[in-house]
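> here is a sequence together with a model predicted from it:
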Amino acid sequence: MRLLVELLLGLVFLTPFADAWLYYRVKGKFTCFGKPTDVNIKIIEHDPNNNDVIELSDDSTLDYTGADEDFLFYPHDNLELSIHVTFDCRGCKGELYQYIYHAFQFEEEEQASANPMIFGSVELSHVCKFGRVVSWYTRHDKDRLKKKWFVRNKETNIRDHFKVIN
């Protein structure tokens, strides 16, 4: 009987944490002078205690579905996710970043797959030349899913910027 009571109490206390995972999907392409180029990608989940970092090397096409959670600390809070792309386009090095907005975080993986955050195609030589990102999208990309990259520089304060946009 005691075991049954302990199991029931455990179930009651752990149930809120059972669905604490949030899923997201990000998509994009990168070229350098019109040719596909390798980039390095980091997705950082800014936790209150320590940051979770996912590192990807990509061969010009980004299509990643991920999941994360704040298990014991803030189980139903949205994730504070940022995505960073470092590149070298014929000697011009730089970093693009963006936030994976709360609207693109879902409790079901299928929802995340159907509603990716789409960054479009980016010509990195234009980033170097003009200091800003121009993205091209396909005609099938829904407007509500389109997002643009930011160019990171010395003055960029990612944490404060995240609070403003969300």
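Happy to help now that I have it. Numbering: from 1, shown residues only.
> show me where this protein has its helices.
All helices of the chain, identified by DSSP state H, fall at 2-18, 109-114, 124-130, 158-165.
> could you tell me the least trusted of these?
Least confident of these, judged by mean pLDDT, is helix 2-18 with a mean of 52.
> who are the packing partners of the strand ranked longest in the chain?
For the chain, the strand reaching the highest residue count under DSSP state E is reported as strand 22-32. Applying 3 or more C-beta pairs under 8 Å, 6 or more residues apart in numbering; DSSP states H and E, we find strand 22-32 packed against strand 61-68, strand 81-89, helix 109-114, strand 117-123, helix 124-130. Every residue, glycine included, has its C-beta placed from N, CA and C.
> where does pLDDT dip in the protein?
1-20, 48-51, 70-76, 155-166 (pLDDT under 70).
> ok, 90 please
When residues are selected by pLDDT under 90, those of the chain lie in 1-21, 45-54, 56-60, 68-80, 128, 131-132, 152-166.
> can you tell me the distance between the two ends of stretch 90-109?
End-to-end distance for stretch 90-109, by C-alpha to C-alpha, to the nearest Å: 37 Å.
> which of the residues in that stretch are classified as buried?
Across stretch 90-109, burial judged by 16 or more other C-beta atoms under 10 Å covers 94-100, 104-106, 109.
> turn the residues you listed into CSV, including distance to Lys29.
As requested, the buried residues of stretch 90-109 are exported to CSV (distance: C-beta to C-beta, whole Å):
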residue, distance to Lys29
Gly94, 16
Glu95, 17
Leu96, 12
Tyr97, 17
Gln98, 15
Tyr99, 20
Ile100, 18
Phe104, 18
Gln105, 23
Phe106, 23
Glu109, 23
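> biggest separation within those, which pair?
Gly94 and Glu109 (32.0 Å; C-beta to C-beta).
> how many other residues sit next to the closest residue to Leu56 other than its chain neighbours?
Leaving out its chain neighbours, the residue that sits closest to Leu56 by C-beta to C-beta, 6 or more residues apart in numbering is Ile41, at 4.3 Å. By other C-beta atoms under 10 Å, 20 other residues sit near Ile41.
> and Ile41, how far from Lys129?
22 Å (C-beta to C-beta, to the nearest Å).
> same check, this time on Lys147
22 Å.
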